[in-house]
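A.B. asks: Need coordinates for the below:
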Amino acid sequence: MPSEGSPTSAPDLDILGDQVTIHPSGYIEPPSSQDGGQEKNLVEHMARFRESPLDFLREISLHVSGHGWRAYDDVIGQPIFYSGFSENMKATVLRTPMLRRRIEDLAQSRVEEEEKQGLLGGEKDKLKNRGKRKTEIESSLEEVAGHLTDGMICKMESKRFIRGAYYLCTQLLTRAYHQGIHVSSEEVLRLRSVAEQAALKKHSIIFLPCHRSHVDYVSLQLICYRLAIALPTVVAGDNLNFPGVGTFLQHAGAMWIRRSFGDDALYTTLVQSYIDTLLQNGFNFECFIEGGRSRTGKLLSPKFGILSFLLDSVISGRVDDAIICPVSTQYDKVVETESYISELLGQPKPKENLQDFLSASSVLSLKLGRVDVRFHEPWSLRGFIDGQQSRANDSTTTRLPTDLQSPQGRVRLLRTLGFKVLSEINAVSVVMPTALIGTVLLTLRGRGVGQSELIRRVEWLSDRVRNKGGRVAHFAGAPTEIVVNRGLEVLGPGLVGIVDGLPEITYYAVDRFQLSFYRNMTIHLFISEALVSAAMYTRVKQGGGPEDQRISFEDLYKQVSFLSQLFRGEFIYPTAGLLTNLETTLQGLERDRVIDVTRNAGNITSVGLHDDERRSGRENFDFYCFLVWPFIESTWLGAVSLMGLTPTNNQHFDVWLDALKTQDAAQLLGKTLYHQGDLSYFEAVNKETLKNAYLLFQEDGIILIHKSRDKKIPSSIRLAEEWRPNRDADTGNIIPEGKLWDFIETIAKSRREGKNRRDGATVSSRVLALADKVGRQLFEGAAISRDAVPVEMVSKKRRQKHAETKARL
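C.D. replies: Predicted coordinates:
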């Protein structure tokens, strides 16, 4: 679906056997064949036993024997997959000076503690016993470190194993993603060139992909294997290390780590030592910048755990340099979306097991379209650090900490690194046809859309994506109608339905919650326009003539600033600054004739809807609003739920509530409001967005969170005193006034106006009463919990745990 005058992206790479070809730029009707003329892709469609038994057996023999490229012998990078690899790696890790010092320090601290307790004998024997005891503790810690290392490191031991693993994973993946894996030829050639230079310098390539599916692990490994690039060591949570799968993944490149390190100094140092060893020896590395999988479809905020280890390796000088390569992985359809929706609606995440792993994989012969993997131009981590140091030393940026080794400087450097990677992932991300269709269906006012209108809006959205610098997945230049039909087939009738018996084929959203996953794949491109439109909506929804709906630049800037801060944990903004970004966005909307801007002496004074936009039924303005309205609804819901945390007149103000139960109650409140018509979007009750809202409230000091060092004791929450509303002395009802109420009202200004509600009146009556009811139940539950678990019992458990820890040492 090309557009005239639009820049063309690099063609997709097509690798079949030993030949490398390029997709044609124009659309060519594929010849009819048994497979329906499917497009070629990076992953070869391998023969299957029932279709062609002889070819199936032949392919297996070629992989086992290592024929041609399957041998994986001439690899770009450091030697891997040889007998003794694991033992060599383990011995190297255990010899690192950092780990040796940590073991000595821990042993010395323990000896000093035992000496204070008088466990080393009298003065005469103390000196001799001290040395002996320290040696014993060091030996014990070395044994523990060896056991932990063996369970953590990847074990790339056998080429025959990895050949079989490649074949197995390709078979499974092509059963689910029948159109295979697509990559850009330009990006792959650039990556191979960088890999060759990195191998000569013994520098590691650190792949930092986004994370939407378990298939992410597989796709990048398959690409590296097929292109003869050394497979990276992949950081994986030990929740996937379950029988039948954990060992397989560990031998294919998985590095198992705990989900939380806590205060375990030995384990933390061990992880750092292993990462140092990998980077010092030039082994490629992979970790997901977001930590866990995104359940909402858009990028999550960066997690800084593993990133801090990588940064420390280079900034300390223990590692000379490493090459950062942000990676975007996009799907026509993500296989786990149904389970994501269940989790977002409050159902507990099931523990990983082999049965669920297989049932969620491609063995069901699903047809989920294709996977698009894109690589940003790699860059030097050392160069990034030096650039940030130079910027910090610049006299014009005195607000930046000049010492990047300081805690403040390290935090700023980490944040800059994390958001730079996210921004570059967004920059190379490909918008898939399913994301275009989902976005269109969820940004229309009507119940459904005709086929011709759907195609028109998909073409319009494709052009808008390209104009914003984004990329749209191309299908060899196929007409939009064919691409849309393919996307609808992949989404299936469970997500998009068809109304039968009408003069024109009409589509409607069946599962709006699940479709929102695909809509969120495009929102990063239009977030600036969406925030401006939501800010303008504060006046547009008041009605009246065009002049009545205009908003002053001062009010517009104020509301956009408020919304930008409100969603700072949800979205990634351009780095130019709020005022510059706002002016740039207004210029773009003015150029598109969506808005009309009034200026005085070159300065913007007011903004309103353009006459052309009004004549078109506000379809473009509404499109931008529809993108961000569910997030506004969710944050508004979170803020309203805080009103219920107001203690009753006969309760103490220092009552702490269970934080997790409080967020669950907010979700229950949202479901009630949705079914009663006071909430427009059901996806607004999703757990992820509500959690982000509560994090925002904590950062802004609206709520206080207390976290116990004991994992078995849940975090607790309460309203900060200055944000706590008052209650009526006679009725006990919450009075709608104060800082929190004003905060809610400011959010509500940009909410979508509902048919059966008016914001202020509804919230101050029915909604506020319901929030109070839910809150009272939380306080009653907290009182019962305090009575049921005496403090003495908790203290006894803590003493028992402490005694067990001492006994192990």
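A.B. asks: Is residue 596 bridged to anything, and to what?
C.D. replies: Bridge pairing for residue 596 (DSSP bridges) gives the partners residue 608.
A.B. asks: Going forward, the N-terminal residue is numbered 897.
C.D. replies: Sure, I'll start counting at 897 from here, so that last one is residue 1492.
A.B. asks: Could you check how far it is from residue 1639?
C.D. replies: For residue 1492, the distance to residue 1639 (C-beta to C-beta, to the nearest Å) stands at 31 Å. Backbone N, C-alpha and C define where each C-beta goes, glycine included.
A.B. asks: for residue 1518, same thing?
C.D. replies: Here the criterion is C-beta to C-beta. By it, residue 1518 lies 26 Å from residue 1639.
A.B. asks: Residue 1506 too?
C.D. replies: When distance is defined by C-beta to C-beta, residue 1506 is 32 Å away from residue 1639.
A.B. asks: likewise residue 1380?
C.D. replies: Residue 1380 is 42 Å from residue 1639, by C-beta to C-beta.
A.B. asks: would residue 1345 count as being in a helix?
C.D. replies: No - using DSSP: H, G, I helix; E, B strand; the rest coil, the secondary structure at residue 1345 is strand, not a helix.
A.B. asks: and the closest residue to it other than its chain neighbours, what are its phi and psi?
C.D. replies: Nearest in space to residue 1345, with sequence neighbours left out and distances taken as C-beta to C-beta, 6 or more residues apart in numbering, is residue 1403 at 5.8 Å. For residue 1403, the backbone dihedrals (degrees, to the nearest 10) come out as phi -110, psi 150.
A.B. asks: How about the one 4 residues further on?
C.D. replies: Dihedral angles phi and psi of residue 1407 (degrees, to the nearest 10) take the values phi -120, psi 90.
A.B. asks: if I read this right, it contacts residue 1391, doesn't it?
C.D. replies: Yes - here residue 1407 reaches residue 1391: they are 5.1 Å apart, a contact under C-beta atoms under 8 Å.
A.B. asks: So between the two, which is more surrounded?
C.D. replies: Set residue 1407 next to residue 1391 and count neighbours by other C-beta atoms under 10 Å: residue 1391 wins out with 23 against 18.
A.B. asks: Does the more buried one touch residue 1405 like I think?
C.D. replies: Yes - between residue 1391 and residue 1405 there is a contact at 7.4 Å, judged by C-beta under 8 Å.
A.B. asks: Only the buried residues of whichever strand or helix holds residue 1640, if you could.
C.D. replies: Using DSSP states H and E, residue 1640 sits in helix 1635-1644. Judged by neighbour count using 16 or more other C-beta atoms under 10 Å, the buried positions of helix 1635-1644 are 1636, 1637, 1639, 1640, 1641, 1642, 1643, 1644.
A.B. asks: how about those in a markdown table, adding distance to residue 1067 and pLDDT?
C.D. replies: Shown next, in a markdown table, are those (distance: C-beta to C-beta, whole Å; pLDDT from 0 to 100):
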| residue | distance to residue 1067 | pLDDT |
| --- | --- | --- |
| 1636 | 56 | 96 |
| 1637 | 59 | 95 |
| 1639 | 54 | 97 |
| 1640 | 54 | 95 |
| 1641 | 57 | 94 |
| 1642 | 55 | 96 |
| 1643 | 50 | 96 |
| 1644 | 53 | 93 |
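A.B. asks: Can you pull out the low-pLDDT segments for the protein?
C.D. replies: Low-confidence segments of the chain (pLDDT under 70): 897-965, 1017-1021, 1245-1262, 1291-1300, 1371-1372, 1547-1549, 1650-1660, 1681-1705.
A.B. asks: Now the residue most central in space within it: closest residue in space, sequence neighbours ignored.
C.D. replies: The centroid of the chain falls nearest to residue 1196 when counting by C-alpha atoms, centre = their mean (3.3 Å). The spatially closest residue to residue 1196, leaving aside those adjacent along the chain, is residue 1186, at 4.1 Å (C-beta to C-beta, 6+ apart).
A.B. asks: Which stretches in the stretch 1397-1546 of the chain count as strands?
C.D. replies: Remark: strands assigned in the stretch 1397-1546 of the chain by DSSP state E, counting those that start in this stretch are 1402-1405, 1447-1448, 1491-1496, 1499-1505.
A.B. asks: neighbours around residue 1202, how many?
C.D. replies: Using other C-beta under 10 Å, residue 1202 is surrounded by 20 other residues.
A.B. asks: what's the helix or strand for it?
C.D. replies: Going by DSSP H and E, residue 1202 is in helix 1201-1211.
A.B. asks: buried set for stretch 1609-1626?
C.D. replies: Result for stretch 1609-1626 [16+ other C-beta under 10 Å]: buried residues 1610, 1612, 1613, 1614, 1615, 1616, 1619, 1620, 1621, 1623.
A.B. asks: how about those in a markdown table, adding secondary structure and distance to residue 1113?
C.D. replies: Below are these laid out as a markdown table (DSSP: H, G, I helix; E, B strand; the rest coil; distance: C-beta to C-beta, whole Å):
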| residue | secondary structure | distance to residue 1113 |
| --- | --- | --- |
| 1610 | coil | 31 |
| 1612 | strand | 36 |
| 1613 | strand | 35 |
| 1614 | strand | 41 |
| 1615 | strand | 42 |
| 1616 | coil | 42 |
| 1619 | helix | 43 |
| 1620 | coil | 46 |
| 1621 | coil | 48 |
| 1623 | strand | 52 |
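A.B. asks: Torsion angles phi and psi at residue 1388?
C.D. replies: Residue 1388 has phi and psi values of phi 80, psi 170 when expressed as degrees, to the nearest 10.
A.B. asks: And it, how close does it get to residue 1165?
C.D. replies: Taking C-beta to C-beta, one finds residue 1388 at 49 Å from residue 1165.
A.B. asks: Those two - which one has more neighbours?
C.D. replies: Legend: neighbour count by other C-beta under 10 Å for residue 1388 and residue 1165, higher for residue 1165 (20 against 15).
A.B. asks: Quick check: the more buried one is in a helix.
C.D. replies: Yes - applying three-state DSSP, one finds residue 1165 inside a helix.
A.B. asks: That one is in contact with residue 993, isn't it?
C.D. replies: No - in this structure, residue 1165 is not within contact of residue 993 by C-beta under 8 Å, at 10.8 Å.
A.B. asks: Give the buried residues for stretch 1182-1202.
C.D. replies: Using 16+ other C-beta under 10 Å as the test for burial, stretch 1182-1202 gives 1182-1187, 1189-1202.
A.B. asks: I'd like to know which of the residues you listed are part of strands.
C.D. replies: The members of those that map onto strands under DSSP state E are residue 1182.
A.B. asks: Just the buried residues of stretch 1182-1202: which are in helices?
C.D. replies: Among the buried residues of stretch 1182-1202, the ones falling in helices (DSSP state H) are 1201, 1202.
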